[in-house]
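# A predicted structure for the sequence below; I have some questions about it.
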Amino acid sequence: MPQKIIIDTDPGIDDAMAILFALKAPELEVVGLTTIYGNVHTDLATQNALRLVELAHRPDIPVAHGADLPLVTPLKQVAHHVHGVDGFGNTNQPPPRGKPIDPSAAQFIVEMVMAQPGEITLVSTGPLTNLALALALEPRLIEAVAGVVLMGGAAFVNGNVTPAAEANIYKDPHAADVVFTAGWPLTMVGLDVTTKIVMTSDYIADLRSAGTRTTHFIDTINPFYMTYYCQTYHGLNGMHVHDPAAIAYVVDPSLFATLSAPVRVITDGIATGLTLPDCHQDWDIPNGWTDQPLAQICIDVDAARLLNLYRSYITRPD
Ligand code: BDR
Ligand code: CA
C-alpha cells in the first residue's frame, strides 16, 4: 500500500520539483496539497499548487489554501529573488482552471488525518504555520499522524537566510517551535543534508531529454533558480536539492543517516529561526530542552543514490 501524504507547500521551484516527484513515486499517494506563504504569498502558492496538479493530470487532488501570515511575527519578505515573482522563475504559466477547496489548510489536515488515523504523513516544504494551526485545532493529531517530515532547519551548519536560520523556519519560528516540541514522530530534513545534494545543469538537461510534459516544465522553470545559485554560491553550477529531499526521505529513509535529539527553535534575537538540537541531554540543571520529544535529524545523505532515484521517477511517462 502506498504511503498517503499531504504536502504543505509554498511553490516555489523546488516545491514544484518535489510535488511532481511525489506524484510519480509508486510508494506515495498524494491525498492533498495545502499552501503557505514563503517563496510567494499564499494566494499565489495556491494558484501554483493548482497549476501543478493540473500539469500532472491530477486535478482530482484537493488543494487547500493556508495561512496568509505567521503566528506571531510580521510576514517576512517572500523569496521573489530566488523563485521569481510568479514562483516559477518568471515563466508566465497559464492560470489554473480549478479552485481551492473550502476548508482551510489546517482544517483539511485535521479532517483528513483524523478520518484515517495512522495513515497519513505530513510533508512540509514551507514555513510551518499550517501545521501549528492544525495542532491547535486538534491536539490528537499527535497520535493520529503516521509521521511528519519537514524540509527546514540547519542543525550543525549555517542557515541560508542568516548565519543562524534556514528560510522555512525563519519565516515562522514560533510555529516551528510548536511543531518541533509537539511530540509527534518528526523528521527534519534540513540544510545539513540538502546542501550536500546538487542538481547540475547537466543533470537538468538529462531530465529534459526524457521529453515529457513534466521534465519540460522542470527545465522551463529552472534557469532563474540556477542563476540565483550561481550568483549566491560562488559560481555553483547547480542547485541545492531542498524540497525533493523531504519527499525522498518518505520514499526511502535508508538514503539518510539520522540522529535523535530534542530540537528547539530560537524565536527572537539575532539567532531567530535557529534550530538548536540538544545532543548532550544530560544536564545538571533543567533547561528548555529537558523532557522535550526527540526529533530525527538527518545528518548525512547518499546524494548520488537520491539523484538517481529522482531521475528514475521524474522521467517516467506522464
Ligand atoms: C527552502 O526555502 C525555500 O526557498 C525552498 O522552497 C525550500 O523549501 C530552503 O531553505
Ligand atoms: Ca519550499
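All right, it came through fine. Residues are numbered from 1 along each chain as shown. Ligands and ions are numbered 1, 2, ... in the order given.
# hey, let's count contacts and neighbours off CA atoms from now on
OK.
# count of residues packed around Thr227?
17 (other C-alpha atoms under 10 Å).
# Repeat that for Asp102.
12.
# Quick check: the gap between the residue nearest to it when sequence neighbours are not counted and Thr46.
Leaving aside its sequence neighbours, Asp102 sits nearest to Ala64 (C-alpha to C-alpha, 6 or more residues apart in numbering; 7.2 Å). For Ala64, the distance to Thr46 equals 7 Å [C-alpha to C-alpha, to the nearest Å].
# Also Thr34?
8 Å.
# Now for the two: what residues contact both?
63-65 (C-alpha atoms under 8 Å, 6 or more residues apart in numbering).
# Looking at those residues, which are in helices?
Taking DSSP state H, every one of these sits outside helices.
# Make TSV out of those and add neighbour count and pLDDT.
Formatted as TSV, the shared contacts of Thr34 and Thr46 follow (neighbours: other C-alpha atoms under 10 Å; pLDDT from 0 to 100):
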residue	neighbour count	pLDDT
Val63	29	98
Ala64	25	98
His65	29	98
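# and which of those residues is nearest Asn237?
The closest of the shared contacts of Thr34 and Thr46 to Asn237 turns out to be Val63 (C-alpha to C-alpha; 33.8 Å).
# where exactly do the strands run in the chain?
Taking DSSP state E, the strands of the chain run over residues 3-9, 28-35, 63-64, 120-124, 147-151, 186-189, 198-200, 238-240, 256-261, 263-265, 275-277, 295-301.
# What backbone torsions are found at the closest residue to Cys230 other than its chain neighbours?
Residue nearest to Cys230 in three dimensions, not counting chain neighbours: Leu236, with 4.7 Å by C-alpha to C-alpha, 6+ apart. In terms of degrees, to the nearest 10, the main-chain angles of Leu236 are phi -50, psi 130.
# And Leu236, how far from ligand 2?
20 Å (C-alpha to the ion, to the nearest Å).
# number of nearby residues for that residue?
Neighbours around Leu236, by other C-alpha under 10 Å: 16.
# how far away is it from Tyr37?
When Leu236 is compared with Tyr37 (using C-alpha to C-alpha), they lie 27 Å apart.
# what does Lys4 give?
From Lys4 to Tyr37 the distance is 24 Å (C-alpha to C-alpha).
# Which of these two has more residues huddled nearby?
Tyr37 (32 against 20).
# Show the contacting residues for that one.
Counting by C-alpha under 8 Å, 6+ apart, Tyr37 has contacts 10, 43, 45, 67-69, 78, 126-127.
# Which positions within stretch 77-88 qualify as buried?
78-80, 82-88 (16 or more other C-alpha atoms under 10 Å).
# With stretch 229-247 instead?
For stretch 229-247, using 16+ other C-alpha under 10 Å, the buried residues are 229, 236-247.
# Just the CA trace of it, in PDB.
Provided in PDB are the C-alpha atoms of stretch 229-247 (Å, rounded to 0.1, in the frame of the first residue of the first chain):
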ATOM      1  CA  TYR A 229      22.500  29.700  -7.000                       C
ATOM      2  CA  CYS A 230      25.400  30.600  -9.300                       C
ATOM      3  CA  GLN A 231      25.300  34.200  -8.000                       C
ATOM      4  CA  THR A 232      24.900  33.300  -4.400                       C
ATOM      5  CA  TYR A 233      27.100  30.300  -4.000                       C
ATOM      6  CA  HIS A 234      30.300  31.500  -5.700                       C
ATOM      7  CA  GLY A 235      29.600  30.200  -9.200                       C
ATOM      8  CA  LEU A 236      28.000  26.900  -8.200                       C
ATOM      9  CA  ASN A 237      26.900  25.200 -11.400                       C
ATOM     10  CA  GLY A 238      23.700  23.700 -10.000                       C
ATOM     11  CA  MET A 239      21.100  23.900  -7.300                       C
ATOM     12  CA  HIS A 240      20.800  22.500  -3.800                       C
ATOM     13  CA  VAL A 241      18.100  20.000  -3.600                       C
ATOM     14  CA  HIS A 242      15.900  21.100  -0.700                       C
ATOM     15  CA  ASP A 243      12.200  20.100  -1.000                       C
ATOM     16  CA  PRO A 244      12.600  17.000  -3.200                       C
ATOM     17  CA  ALA A 245      14.800  15.600  -0.400                       C
ATOM     18  CA  ALA A 246      11.900  15.600   2.000                       C
ATOM     19  CA  ILE A 247       9.900  13.500  -0.500                       C
END
